[in-house]
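> model the following, please.
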Amino acid sequence: MSVTILACFVGYITQAIVNNFIPLLFVTLQTSYTIPLAQITLLVSINFGVQLLTDLVAPSFVDKIG
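Residues are numbered from 1 along each chain as shown. Next up, the predicted model:
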């Protein structure tokens, strides 16, 4: 297996952990840090938007880099 494929797999695993771990802590974050649910929802929405933007822009960089 090439190093590039291995790096892609590690990237996908890391992204999955980051995106699925924080929602499990919503109740803990809300009670421990007194963060309103609206702000937690805003953070999740911003995270989703950044991911979507990255997924839309990344192919153009890949075509240029090779």
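
> which SSE is residue 20 in?
Residue 20 is part of helix 3-21, with elements assigned from DSSP states H and E.

> next one: residue 34
Residue 34 belongs to no helix or strand when assigned by DSSP H and E.

> need phi/psi at it.
phi 50, psi 50 (degrees, to the nearest 10).

> give the other helices and strands that the helix or strand of the chain with the lowest mean pLDDT contacts.
The weakest-scoring helix or strand in the chain, judged by mean pLDDT, DSSP states H and E, is helix 26-32 (a mean of 84). Counting contacts by 3 or more CB pairs under 8 Å, 6 or more residues apart in numbering; DSSP states H and E, helix 26-32 is packed against helix 37-65. No exception for glycine: its C-beta is placed from N, CA and C like everyone else's.

> just want the angle from the helix it packs on to helix 3-21.
Interaxial angle, helix 37-65 versus helix 3-21 (axes from the mean of the first three to the mean of the last three CA atoms, to 10 degrees): 170 degrees.

> buried residues of helix 37-65, list them for me.
Buried residues in helix 37-65, defined by neighbour count with 16 or more other CB atoms under 10 Å: residue 40.

> circling back to that earlier point, report the buried residues of the least confident helix or strand of the chain.
Judged by neighbour count using 16+ other CB under 10 Å, the buried positions of helix 26-32 are residue 29.

> count the residues that sit near residue 4.
Close neighbours of residue 4, defined as other CB atoms under 10 Å, add up to 8.

> quick one, what contacts it?
Contacts for residue 4 (CB atoms under 8 Å, 6 or more residues apart in numbering) come out as none.

> low pLDDT regions in this structure?
Scanning the chain with the threshold set as pLDDT under 70 gives 66.

> distance check, the residue located most distally from the centre of the chain against residue 65.
Distance to the chain centre peaks in the chain at residue 1, reaching 25.4 Å (criterion: CA atoms, centre = their mean). Note on residue 1: its distance to residue 65, by CB to CB, to the nearest Å, is 21 Å.

> quick revisit: what's the least confident helix or strand of the chain in contact with?
For helix 26-32, contacts defined as CB under 8 Å, 6+ apart pick out 22, 35-37, 40.

> could you redo the last one with a cut-off of 10 Å?
Applying CB atoms under 10 Å, 6 or more residues apart in numbering, the external contacts of helix 26-32 come out as 22-23, 25, 35-37, 39-41, 43-44.
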